[in-house]
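Asker: Below are the sequence and a predicted model for it; my questions follow.
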Amino acid sequence: MKYECEMIRDLLPLYHDKVCSNVSERVVEEHLEECAPCREIAKKLKNTAYDEKLQIERESVIGAHARKVKRKTFMVGAYMAGILMIPVGVCLICNIAIGHSLDWFFIVLASLMVFASLTVVPLVVEEKRGLCTLGAFTISLLFLLLVCNIYSRGRWFPVAASGVLLGLSVVFMPFVVYQIKLPKPLHCQKGLLVMTVDTILLYGVIIISHFYGRADMIYLLKGLMINTICLLLPWVVFGIIRYLKTNGLIKAGICTIIIGVFCAFINDVIALVLEGRLHICILNADLSRWAMGMPMTGQGNTVDANVWLLTLIFSLTIGICLIAAGVKKSRKPMENQ
Ligand SMILES: [Zn+2]
């Protein structure tokens, strides 16, 4: 027998409570297959009726308590919704009485809807609470913006709405995608889905803002080009983290180098797109001289160049160290075999 019975018997309570590691679990199971006395002890441990009774009792008590809490929470939510109807009613009457039509009433209504989405909805809804709250909040917020836009006779709603959607999507989209059930091909590509939606929304904000500002077409094209160049960084980093099949240290090393190189040269690339002339800032670096340069033109400025040079050196050093550590780590298990 590979393992001593005594050792296995020490492990049995942990194995029974399912708190031991996978390795220990496998060892215990292998041993139990071969050893009848230990198997007997394991069986006794399993048949402790007291344990099971306690479990059933615990579950029933917790279940009853949870149902009670749920009912109470729902009632609080319902009362709250009722109370919110009072200002809605008052404003409805006042608006008709004073203005003989409904205009600012809709702003009050929409504001209260935003408030209710964050207070009443989470109390009343039972399943997918976070998702419903977020959905209600987004819709009521967009409604509030639309109403304000109409009231102020503006045309800023598309800009505001696309910006709000982008912000909410960047922060909350990962949680939403995590909670909902997606169809098969998308199921394993949640990260890709989030990145794609955020990217499309970002381009949307730029295009919509352009038409709101009624600027020259060339600015839109330059803006889209710069946006595309800047988006390369998050997309490349995402691709490495999600799809590169290697260990975490190597991924971290590659990402560190890419981010360092990107930061050191991105300003030069943007300047090239905007002004059409290539000027590599880092070539001005002189670590013995830290001068801000001439006012206005910035001629002779070495601070920027020095900072980017140091960023590049440090990120390359850290990145190479991480990759080396990662390679060493990935070789180790092979040597052991
Ligand atoms: Zn044994």
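Answerer: Yep, it's here.
Asker: From now on I want contacts and neighbour counts done on CA atoms only, so please keep to that.
Answerer: Fine.
Asker: So what's the residue count around the residue of the chain found nearest the ion?
Answerer: The chain approaches the ion most closely through residue 5 (3.7 Å), counting by Cα to the ion. Using other Cα atoms under 10 Å, residue 5 has 16 other residues around it.
Asker: how about the nearest residue to it, chain neighbours excluded?
Answerer: Nearest residue to residue 5 in three dimensions, chain neighbours excluded: residue 38, at 6.9 Å (Cα to Cα, 6 or more residues apart in numbering).
Asker: these two touch, right, the one you found and residue 32?
Answerer: Yes: here residue 38 reaches residue 32: they are 6.2 Å apart, a contact under Cα atoms under 8 Å.
Asker: got the residue ranges for the helices in the stretch 151-300 of the chain?
Answerer: For the stretch 151-300 of the chain, the helices defined by DSSP state H, counting those that start in this stretch occupy 157-179, 184-187, 190-213, 217-243, 248-275.
Asker: Distance of residue 225 relative to residue 238?
Answerer: 20 Å (Cα to Cα, to the nearest Å).
Asker: scratch that, residue 161
Answerer: Noted for residue 161: a distance of 27 Å to residue 238, by Cα to Cα.
Asker: now swap in residue 326 and tell me
Answerer: Per Cα to Cα, residue 326 is found 19 Å from residue 238.
Asker: of the two, who's got more company?
Answerer: Neighbour comparison, residue 326 and residue 238: the larger count goes to residue 326, with 19 against 16 (by other Cα under 10 Å).
Asker: I'd guessed the more buried one sits against residue 254; true?
Answerer: No: look at residue 326 against residue 254 with Cα under 8 Å: they stay out of range, at 10.6 Å.
Asker: Below-threshold pLDDT in the chain: ranges please.
Answerer: Low-confidence segments of the chain (pLDDT under 70): 1-3, 48-51, 53, 295-298, 333-337.
Asker: Give me the helices and strands touching the longest helix seen in it, please.
Answerer: Counting residues, the longest helix found in the chain (DSSP state H) is helix 49-99. Here helix 49-99 touches helix 104-124, going by 3 or more Cα pairs under 8 Å, 6 or more residues apart in numbering; DSSP states H and E.
Asker: Taking their axis directions, the helix it packs on and helix 49-99 sit at what angle?
Answerer: Taking axes from the mean of the first three to the mean of the last three Cα atoms, to 10 degrees, one finds helix 104-124 and helix 49-99 inclined to each other by 170 degrees.
Asker: so how far is helix 104-124 off the chain centroid?
Answerer: 26 Å (Cα atoms, centre = their mean, to the nearest Å).
Asker: tell me what that helix is packed against?
Answerer: Using 3+ Cα pairs under 8 Å, 6+ apart: helix 104-124 touches helix 49-99, helix 129-151.
Asker: what's the closest of those to residue 178?
Answerer: With Cα to Cα as the measure, helix 129-151 is the member of these nearest residue 178 (10.3 Å).
Asker: How about the residues of this protein by the ion?
Answerer: Neighbours of the ion within the chain, by Cα under 5 Å from the ion: 5, 35, 38.
Asker: check which helix or strand covers the last one.
Answerer: Secondary structure assigned from DSSP states H and E places residue 38 in helix 36-46.
Asker: List the buried residues in that helix.
Answerer: For helix 36-46, the neighbour count (16 or more other Cα atoms under 10 Å) marks 38-39, 42 as buried.
Asker: same thing with stretch 249-264?
Answerer: In stretch 249-264, counting by 16+ other Cα under 10 Å, buried: 249-262, 264.
Asker: Which single one of those residues is nearest to residue 231?
Answerer: Closest approach to residue 231 among the buried residues of stretch 249-264 (Cα to Cα): residue 262, at 11.1 Å.
Asker: hang on, the earlier thing: now distance to residue 117 too, for the residues of the chain next to the ion, in a markdown table please.
Answerer: As requested, these are arranged in a markdown table below (distance: Cα to Cα, whole Å):
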| residue | distance to residue 117 |
| --- | --- |
| 5 | 61 |
| 35 | 61 |
| 38 | 58 |
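Asker: residues in contact with stretch 68-83?
Answerer: 116, 119-121, 123-126 (Cα atoms under 8 Å, 6 or more residues apart in numbering).
Asker: Give me the buried subset of those.
Answerer: Those of the contacts of stretch 68-83 that meet the buried threshold are 116, 119-121, 123-125, by 16+ other Cα under 10 Å.
Asker: nearest to residue 154, of those?
Answerer: Distances from residue 154 to the buried ones among the contacts of stretch 68-83, taken by Cα to Cα, are shortest for residue 116, at 26.2 Å.
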